[in-house]
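# what follows is a predicted protein model with its sequence.
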Amino acid sequence: MNIIVVGGGGREHTICWKLAQSSLVDKIIVVPGNGGTADENKCVNVNPKDCDYIAEGENPCVAIAKHENCRMAVIGPEDPLCEGIADEFWKADIPCVGAKKAGAMLEGSKDVAKAFMKKYNVACAASETFVNKDAAIEYVKKHGAPIVIKADGLAAGKGVVVAATVEEALAAIEDIMESGRVGDAGKKLVIEDYLEGVEISVLAAVSVTPEYAVQGSATIVPFLPARDHKRLNDGAKGPNTGGMGAVCPLSDVTPEIMEQFKKDCLEPTLNGLIKERFDYRGFIFFGVMLTKNGPKLLEYNVRLGDPETQAVLPLMDFDMAAMCTAILNGTLKDFEFKWKPGFQCAPVVVSGGYPGSYKKGCEITYDAAELAESTAKVFIAGAVKDGDKLLTSGGRVLACSAYGSTFDEAWKLAYRGINAVHFEGAFHRNDIGLPGAAESGKL
C-alpha cells in the first residue's frame, strides 16, 4: 500500500525509515519531507505548492493522498493534529494514524490537559489556570517559588518557564501574557507546582474509539522509556532547546517504576479517553517526572516525541506498518510488541548559534567510510536537498542514532557517527545519556 506521512522533521524521517522496512508498504509520500526523506528508500517528497490538482479550499494533504492512492495517513507534528487534519482524512475515507481534533486538545491546550488529568485522577502536579495577568501575579506572590509557568496553547516549546524565584515567575507571566512572544498561546496561563525529580519520556500507541471501548479492545500500549536532553550544553547547562539528543531504554527506570506509571498515569488516561468518547487512533507522549512520591505526569503530547523517536523506533523489532494497521482497526491489544534487547543513543547536531539566530545554507558532508564503520543512522531534521548537495535549513539539523548491545557501545558508535558528519558551525553535546547529563528537577 501507499502511505502519506505529514511533516518534515527528524521524527518524520525516522517514521518514514521505519515504515519503509515493512513489506506491506510500496511507497511513502512525504509532505513536505526534508533532505533526508528525499533519499530514503520508498519515499517521495511532495510539496503542495507543486501540485496543480489541489482544488481551492481542499486540504492539500488529503488531496495529495487521494492523487497518490494512499490507503493510510500518518501524522507527525502536533499543529496539523490540533487543526483537525485527522478528521479531514477520515472524512475522505483515508484511515489516519493521529488523534482527531477533540483528543488533540490534550496537547493543544494545557488547561484542557490539566482539567482532564484532574477529572480522571492522573497523577500530576497541582495547578491553577489564569486569563487575568494580575490574578496570576497575585497567585505567584502568595504561592512562592520554585514554580512552573506555562502558556496554554501551542508555543513550539517556548511556552514553559521553570522559575527558580518569584521574580523570574513574574517576568515569565509578563513575557508570555503581554509581550506577544508566543502569540495567542499566551492569552491563558497554567501555573503549576514545581516537581523535583528526573524526567523521562514514554511514547505509546493508542487505539481508542467508542466502538472499541464497547468491544473491550480500546488500549494504550507504552513503548520503551526514553530520555530527551533539552539543555544546550554538557551537564544539562545552558538554554532550553527542542532536544539535543535522546537515549533508550533507561537503566534507572525499573519494571516497578513502569508498573507504577501504568497504574497512576497510563490507565487513568485510557479511562479518560474512553469516558470522553474520543476517537483517538495514533500516538501519545507522556512527559513524566520521577519523584520521590512516584511518577507524575508533566504533559501530554499527542504525537511521537522528537528526538525520542530517533532513539525508540530503531529498537522496534516488529513491523511498524502492521502496528499502525492494528491501531486503526482495533486489534492493537493483541499486537505482539518485540523490542531489540540493547540500547540506542541518538545525539543531535545543531547549527551554531541555536537556539538563537543561526546561519542556514551550510553544506553537510560525510566521511562515508567512517560513517559506515560507526553503523549509525543519520536522521535529517533541518536540511534540504539542493541538487546533489544537502544544505542546513534549521536549528536542529540531524541526529546520529546508533545501536549497541550495551549502552557504552551504542554511545561510542553514535559519537563516532557524529564525528563523520561536517558542516560549518556544527555543534553537539558530548554527554548524551551519560551520568550527570539527565536534567533533574533540582534548581
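Received, thanks.

# state the phi and psi torsions of Met244.
With angles defined as degrees, to the nearest 10, Met244 sits at phi -100, psi 0.

# now do it, the pLDDT please.
Met244 is assigned 97 on the pLDDT scale.

# just give me the neighbour total for it.
30 (other Cβ atoms under 10 Å). To be clear about C-beta, it is placed using only N, CA and C from the backbone, and glycine gets the same treatment.

# run a quick neighbour tally on the residue lying closest to Val30 once chain neighbours are set aside.
Closest residue to Val30 apart from its sequence neighbours, by Cβ to Cβ, 6 or more residues apart in numbering: Thr37 at 4.5 Å. Counted with other Cβ under 10 Å, residues neighbouring Thr37 total 29.

# show me where the stretch 251-400 of the chain has strands.
With DSSP state E, counting those that start in this stretch as the criterion, the stretch 251-400 of the chain has strands at 280-291, 294-301, 343-350, 365-366, 377-380, 383-386, 389-392, 396-404.

# so in that sheet, which strands flank the fifth one, and in what orientation?
In this case it means strand 377-380. strand 396-404 (antiparallel) (DSSP bridges).

# give me the distance between the strand it pairs with and the centre of its chain.
Strand 396-404 has its C-alpha centroid displaced from the chain centroid by 15 Å (Cα atoms, centre = their mean, to the nearest Å).

# how far off strand 343-350 does it point, in degrees?
Relative orientation of strand 396-404 and strand 343-350, computed by axes from the mean of the first three to the mean of the last three Cα atoms, to 10 degrees: 160 degrees.

# just the CA trace of strand 396-404, in PDB.
Only the C-alpha atoms of strand 396-404 are listed here, as PDB (Å, rounded to 0.1, in the frame of the first residue of the first chain):
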ATOM      1  CA  ARG A 396      18.400  21.200  14.900                       C
ATOM      2  CA  VAL A 397      20.000  19.700  11.700                       C
ATOM      3  CA  LEU A 398      20.300  16.000  12.300                       C
ATOM      4  CA  ALA A 399      20.700  13.100  14.700                       C
ATOM      5  CA  CYS A 400      23.200  10.200  14.600                       C
ATOM      6  CA  SER A 401      21.400   7.200  16.100                       C
ATOM      7  CA  ALA A 402      23.400   4.100  16.900                       C
ATOM      8  CA  TYR A 403      22.600   0.700  18.400                       C
ATOM      9  CA  GLY A 404      24.700  -1.300  20.800                       C
END
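
# need the next SSE after that strand, C-terminal direction.
helix 407-418 (DSSP states H and E).

# so which of the strands of the stretch 251-400 of the chain is nearest Lys237?
Nearest of those to Lys237, taken as Cβ to Cβ: strand 343-350 at 15.0 Å.

# output the contacting helices and strands for that closest one.
Counting contacts by 3 or more Cβ pairs under 8 Å, 6 or more residues apart in numbering; DSSP states H and E, strand 343-350 is packed against strand 245-248, helix 308-312, strand 396-404, helix 407-418.

# list the helices and strands the shortest one packs on?
In other words, strand 245-248. In terms of contacts (3+ Cβ pairs under 8 Å, 6+ apart), strand 245-248 is packed against strand 227-228, helix 308-312, strand 343-350.

# strands paired with that strand, and their directions?
strand 227-228 (antiparallel), strand 343-350 (antiparallel).

# a markdown table please, covering those and showing distance to Thr291 and mean neighbour count.
Formatted as a markdown table, the strands paired with strand 245-248 follow (distance: least, Cβ to Cβ, whole Å; neighbours: other Cβ atoms under 10 Å):
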| stretch | distance to Thr291 | mean neighbour count |
| --- | --- | --- |
| strand 227-228 | 16 | 24 |
| strand 343-350 | 25 | 28 |
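
# dump those to CSV, plus distance to Cys43.
As requested, the strands paired with strand 245-248 are exported to CSV (distance: least, Cβ to Cβ, whole Å):
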stretch, distance to Cys43
strand 227-228, 25
strand 343-350, 20
